[in-house]
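Trainee: this one's sequence-less:
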């Protein structure tokens, strides 16, 4: 049985969210890691990494975690969610 | 343009050229009689066979061209790096699965609508079985074109699902 979440502040504002990412910045600080290297380390294709970095593709939770694990930062430092 | 978009675009171009060739044949004097269903089945089978071979050749040409362009763009003769880039570009992952799922969903929808329309044409209009067969062939061709076009659109414009995504840079 589903229960209503009490005290869900801002639930009504969840329709328009924009996800931003700091992959370019993180790659720069990771000794200018190439997109190819990041792709290989996350087990995805280079085109997917290019698309994620450009904000053209929303990755799965699994890929998002893999990217954060490569940079050894919390997932919140890689992806940020903003309400519009 | 991504390699996968290029592959799809080349596939669409080859299919269009072959379909034009088939239409010229079907409209010409060499075409079988309208009531000769078996006579039509053979050229359609040949057309499908030629299409498969042509697509394979086109994909090989795309891969070779891509390998050369990578070597030129990256200004390297190191085969290992070129191989790594090609392997990474060719790899199928979650984005490809999502895009294939979406585009084939739309493609199948179009094929279904086309099939129903061709059945309606057979039921309500006085068309021959051979014409029905050709309408079906064109329907699947159009569905394939739409599938490819959607796929290219999603690769180039992005597949953001239900979220909006933006790069911070």
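Mentor: On my side now, so go ahead. Not measured: the values here are computed from a predicted model.
Trainee: can you count the residues close to the residue in chain B that chain A sits nearest to?
Mentor: Nearest residue of chain B to chain A: residue B:158, at 2.9 Å (CB to the nearest CB). The way it works is simple: take the backbone N, C-alpha and C, and place the C-beta from them, glycine included. Neighbourhood size, residue B:158 [other CB atoms under 10 Å in any protein chain shown]: 19.
Trainee: list the contacts for it?
Mentor: Contacts for residue B:158 (CB atoms under 8 Å, 6 or more residues apart in numbering or on different chains) come out as A:51, A:54-57, B:165.
Trainee: and what of residue A:52?
Mentor: With contact taken as CB under 8 Å, 6+ apart, residue A:52 is in contact with A:21, A:23, A:58-59, A:63, A:67.
Trainee: ok, so of the residues you listed, who is nearest residue B:130?
Mentor: residue A:58 (47.6 Å; CB to CB).
Trainee: I'd assumed residue A:18 was in contact with that closest one.
Mentor: No: Residue A:58 lies out of contact with residue A:18 (CB atoms under 8 Å); the separation is 10.8 Å.
Trainee: the two: which is more packed in?
Mentor: Taking other CB under 10 Å, residue A:58 and residue A:18 do not tie; residue A:58 has more neighbours (22 against 14).
Trainee: now do that one, the pLDDT please.
Mentor: The per-residue pLDDT reported for residue A:58 equals 89.
Trainee: and residue B:122, how far from residue B:113?
Mentor: Using CB to CB, to the nearest Å, residue B:122 is found at 15 Å from residue B:113.
Trainee: before we move on, back to that, restricted to buried residues, select the contacts of residue A:52 in PyMOL.
Mentor: To isolate the buried members of the contacts of residue A:52 in PyMOL, using 16 or more other CB atoms under 10 Å in any protein chain shown:
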select buried, chain A and resi 21+23+58+59+63+67
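Trainee: about what we covered before: helices - which of the contacts of residue B:158 land there?
Mentor: residue A:51 (DSSP state H).
Trainee: between the contacts of residue B:158, which sits nearest residue B:84?
Mentor: Once CB to CB is applied, the member of those that ends up nearest residue B:84 is residue A:51, at 18.7 Å.
Trainee: that closest one reaches residue B:94, doesn't it?
Mentor: No: contact criterion CB under 8 Å: residue A:51 and residue B:94 do not qualify, at 10.9 Å.
Trainee: circling back: show me the contacts of residue A:52 that map onto helices.
Mentor: Reading helices off the contacts of residue A:52 with DSSP H, I get A:23, A:63, A:67.
Trainee: now name the helix or strand holding residue B:1.
Mentor: Using DSSP states H and E, residue B:1 sits in no helix or strand.
Trainee: tell me the contacts of it?
Mentor: By CB under 8 Å, 6+ apart, the residues touching residue B:1 are B:9, B:156.
Trainee: could you point out the longest helix in chain B?
Mentor: Using DSSP H to define each element, chain B has its longest helix at helix B:37-73.
Trainee: closest one to residue B:86 out of the contacts of residue A:52, please.
Mentor: residue A:63 (21.3 Å).
Trainee: shouldn't the closest one be in contact with residue A:42?
Mentor: Yes: counting by CB under 8 Å, residue A:42 is a contact partner of residue A:63 at 6.3 Å.
Trainee: on that earlier part again, neighbour-wise, which of residue B:122 and residue B:113 wins?
Mentor: residue B:122 (16 against 13).
Trainee: circling back: more neighbours: which of residue A:51 and residue B:94?
Mentor: residue A:51 (25 against 16).
Trainee: just give the closest residue to the more buried one, not the sequence neighbours.
Mentor: In space, residue A:51 comes closest to residue A:57 once its chain neighbours are excluded; the distance is 3.8 Å by CB to CB, 6 or more residues apart in numbering or on different chains.
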